[in-house]
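In: Prediction below, plus the sequence it came from.
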Amino acid sequence: MNLVFAFTLWAGTTGGVRLPGPQDPWFGRDKLLHFTASALIQSVAHSAFRWRGAPYERASWGAAAVTASAGIGKELWDRHRQRDFSLRDLTWDGIGGATAAVVIRQVDR
């Protein structure tokens, strides 16, 4: 809980986090784009780490860090541009990254 509070203070999002509602639905084109972009970033980052010789576990964690950084960075950019910081967008980023990680695990056996 303290980590979430500290992050919101650091990100300056206490007044700009989207509240659930019609302006930020759970499903829509934007959420599909977040899912797809995160899955793609996870896949490319994992492949790049493996290509550079990293073992599977290190490549997975590195790719997850890259994917999370991209998703959080996008929301911070939105906040900077006077748009809302969306926790639902971040949720779809996480789902996309996790889905790609599961698919990669099945392929990289």
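Out: On my side now, so go ahead.
In: and residue 36, what element?
Out: According to DSSP states H and E, residue 36 maps onto helix 29-51.
In: Can you classify residue 67 by secondary structure?
Out: At residue 67 the chain is in helix, as set by DSSP: H, G, I helix; E, B strand; the rest coil.
In: Please name the residues that touch it.
Out: Applying CB atoms under 8 Å, 6 or more residues apart in numbering, we find residue 67 in contact with 38, 41, 42, 45, 93, 96, 97, 100. For glycine as for every other residue, the C-beta is placed from the backbone atoms N, C-alpha and C.
In: hang on, isn't the third one packed against residue 65?
Out: No: with the criterion set as CB atoms under 8 Å, residue 42 and residue 65 do not qualify as a contacting pair; they are 10.3 Å apart.
In: Tell me which of these two has more neighbours.
Out: residue 42 (26 against 11; other CB atoms under 10 Å).
In: tally of neighbours for the nearest residue to that one once chain neighbours are set aside?
Out: Nearest residue to residue 42, sequence neighbours excluded (CB to CB, 6 or more residues apart in numbering): residue 100, at 3.8 Å. As a burial measure, residue 100 scores 24 neighbours (other CB under 10 Å).
In: So residue 100 sits against residue 37, correct?
Out: No: with contact defined as CB under 8 Å, residue 100 does not reach residue 37; the gap is 10.6 Å.
In: mind checking how far residue 95 is from residue 26?
Out: Residue 95 sits 11 Å away from residue 26 when distances are taken as CB to CB, to the nearest Å.
In: Neighbour count for these two, which is higher?
Out: Neighbour count, other CB under 10 Å: between residue 95 and residue 26, residue 95 has more, with 15 against 9.
In: Do you have the helices of this structure handy? List them.
Out: Taking DSSP state H as the test, the helices found in the chain are 2-11, 29-51, 56-80, 87-107.
In: With mean pLDDT added, can I get the ones you listed in TSV?
Out: Output for the helices of the chain, formatted as TSV (pLDDT from 0 to 100):
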stretch	mean pLDDT
helix 2-11	52
helix 29-51	94
helix 56-80	93
helix 87-107	93
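In: which residues does residue 36 contact?
Out: residue 96.
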